[in-house]
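1. Sequence plus the predicted model coming up.
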Amino acid sequence: MTSAKFEFLKKSSLNLFFLYAILHAGKILYQKITKSNMLIFCCIRLNEEIQRVIGNMKKNTDGTVTKYINYSDRAGHHSLPVSVIRSKRRTGSVIVNADGSAELRIPLWTSDSTVNDMLEGRAEWIVEKHKEMLIKEEALKSQMPSLTDTQRALLEKRYKKAASEYFPLRVMHYEKIMGVHHKKIAIRDQKTRWGSCSTSGTLSFNWRLMMAPPKVLDYVVVHELAHFTHMDHSKAFWSTVESVMPDYDTYRKWLNEHGQELRL
């Protein structure tokens, strides 16, 4: 092989090597740019989703709006109002109260489309429960003693006074057992709750529990005190309640079945 041919082949090989190196480097650079672009795209999408949720939360502040479930029966066409209550909670729940009124309690970030889906999915149950509660309500009214407004107001005042004296005693009793401490006790006239516990340490109780069996009242006290340890209704929460009151489920069921009877 002549020297000229050898030099030509040598230069050709070097050129091919450099070309390969440039192509390989370009491939790596392209892959990095592609990955980077994908990462940027994902970050943009994530940011958009975060902004959407934040926007939903700003729009859906604490408060109540009313939606309607339309249904028909032998009596005709009906439109059942459902109070949609947004608050700082983690899960959603549907409640039909003793007077037949319906509520949908949901987290702040829940979208309107999700609300509509929830109502559509539970519509049949809500209507049936609403009818059931109205029948019970009429039966209870027929059994209630006939009181004047003045008599009812005086009795309510006495029950509230008794509640403000009795609840602190039961709270102190169970606090020693459970190793927790409250800051304040409030006696209220809640329509849908027997008690509540705030993160600030305030316990609220419904004065109507004074008309319930003592053990049922104690169950509500233990239930709310357990929230100082577990601010939810997890298995750990119910285990705490059971450790203090093994037969709590008996009193819980009593409230569910007879709670609407606690009235004047």
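-> Cool, the structure landed. Worth saying up front: this structure is predicted, and the values here are computed from it rather than measured. Numbers count the residues shown, from 1 in each chain.
2. CA only for contacts and neighbour counts going forward, please
-> Will do.
3. Which neighbouring elements make contact with the helix or strand where Val221 lies?
-> Element membership of Val221 [criterion: DSSP states H and E] is helix 214-226. Helices and strands touching helix 214-226, by 3 or more Cα pairs under 8 Å, 6 or more residues apart in numbering; DSSP states H and E, are helix 149-178, strand 195-197, helix 235-244, helix 248-258.
4. now the first one: how far from the chain's centre is it?
-> Here the centre of helix 149-178 is set off from its chain's centre by 28 Å, with Cα atoms, centre = their mean, to the nearest Å.
5. And for the shortest one?
-> Here strand 195-197 is found 14 Å from its chain centre; the criterion is Cα atoms, centre = their mean.
6. any idea which helix or strand comes after it?
-> The helix or strand immediately downstream of strand 195-197 is strand 202-206, counting by DSSP H and E.
7. before we move on, what about the first one?
-> Using DSSP H and E, the next helix or strand after helix 149-178 towards the C-terminus is strand 184-188.
8. Restrict that next one to CA atoms and write it as PDB.
-> Below are the C-alpha coordinates for strand 184-188, written out as PDB (Å, rounded to 0.1, in the frame of the first residue of the first chain):
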ATOM      1  CA  LYS A 184     -63.700  24.900  77.300                       C
ATOM      2  CA  ILE A 185     -67.200  23.300  77.300                       C
ATOM      3  CA  ALA A 186     -70.100  24.800  75.300                       C
ATOM      4  CA  ILE A 187     -73.700  23.700  75.600                       C
ATOM      5  CA  ARG A 188     -75.500  24.000  72.200                       C
END
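9. Domain map for the chain?
-> Per automatic domain parsing, the domain ranges recorded for the chain read 1-59, 63-143, 149-261.
10. And Leu140, how far from Tyr71?
-> Look at Leu140 and Tyr71: by Cα to Cα, to the nearest Å, they are 25 Å apart.
11. What residues does Ile177 make contact with?
-> Each residue near Ile177 by Cα atoms under 8 Å, 6 or more residues apart in numbering is listed here: Val244.
12. State the pLDDT value of it.
-> Ile177 is assigned 95 on the pLDDT scale.
13. repeat for the one 3 residues further on
-> For Val180, the model assigns a pLDDT of 94.
14. Quick check: it vs Gly201, distance?
-> Using Cα to Cα, Val180 is found at 10 Å from Gly201.
15. what's the overlap in contacts for those two?
-> Jointly contacting Val180 and Gly201 under the rule Cα under 8 Å, 6+ apart are Phe228.
16. Thought Met211 was touching Ala163, still the case?
-> No: checked against Cα atoms under 8 Å, the pair Ala163 and Met211 is beyond contact range at 10.0 Å.
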